[in-house]
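Colleague: Return atomic coordinates for the entry below.
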Amino acid sequence: MLTRSTSLAGLVFLLASSASAAPPAANTCRAIADPTERLACYDRAASQESVPAEAPARAAPPVIPTTPPLLPAAREARAAEPTRQEMKALTSGRIAAVRPLRHGYFRLELENGPAYETTVVSAPPPVGADVRIRGTLFGTTFFDIKGWSPIAVRLSRQQ
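Modeller: Residues are numbered from 1 along each chain as shown. Next comes the predicted model:
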C-alpha cells in the first residue's frame, strides 16, 4: 500500500511541475481572440525560446564520392554479350581426358579447352561423355552427365 501511495504522490508532483512549467507567453497568447494574431503570438514565443544565444558553426556534411561514368573507350572495351551458340559452348562440352589427382580426385579436361577439378571424391566419368556445366547461386559448379549423379567441380584452367 505504501508503494502505491508513493507512486501516486510522484505522479501528482510530476503533473503539477509540468503544468507550472508552461511559459508565460503561452498564457498571454491564449487570451488573444483573433486567430491570426494568436498564431503570430505563439510563433514569436516559440522563436524566442528556440533561438540559442549563439549557435555553434556546423561543419559541412561529408561529400560521398560517386563512381564516374564509364568513358567511351571503356564502354567499347567491355566484352560483348555471348551469342546463344557461344553460351551453349560455355555451358556444355565433352570430356576429352580424365587425369587422376591425389586422394581420389580427378582433373576433367573438356574438348573445347577448359579443365575442371573434382571437389568431391567419386568415380571418374567416362572419356567422351557429354556434360552440361551448371553453376549455382552460391558459386558451386556441377557437371551434369546423363546417368550420373551431379559432380561438383571447380575451374582450374580456362581455354
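Colleague: Could you list the domains of the chain?
Modeller: Per automatic domain parsing, the structural domains of the chain span 2-50, 84-157.
Colleague: Most tightly packed of the ones you listed?
Modeller: Counting by mean count of other CB atoms under 10 Å, domain 84-157 has the highest mean neighbour count of those, with a mean of 14. For every residue, glycine as well, the C-beta is placed using N, CA and C.
Colleague: Extract the residue ranges of the chain that are flagged as low pLDDT.
Modeller: Scanning the chain with the threshold set as pLDDT under 70 gives 1-26, 49-57, 65-90, 159.
Colleague: Can you name the element that comes right after the top strand by length along the chain?
Modeller: Identified as the longest strand of the chain according to DSSP state E is strand 92-100. Once the chain leaves strand 92-100, the next helix or strand it forms, by DSSP states H and E, is strand 106-110.
Colleague: What would that next one look like as PDB? C-alpha coordinates only.
Modeller: Extracted in PDB, the C-alpha atoms of strand 106-110 (Å, rounded to 0.1, in the frame of the first residue of the first chain):
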ATOM      1  CA  PHE A 106      40.300 -36.100 -60.900                       C
ATOM      2  CA  ARG A 107      41.000 -33.400 -63.400                       C
ATOM      3  CA  LEU A 108      38.500 -33.400 -66.200                       C
ATOM      4  CA  GLU A 109      39.600 -31.700 -69.400                       C
ATOM      5  CA  LEU A 110      37.000 -30.800 -72.000                       C
END
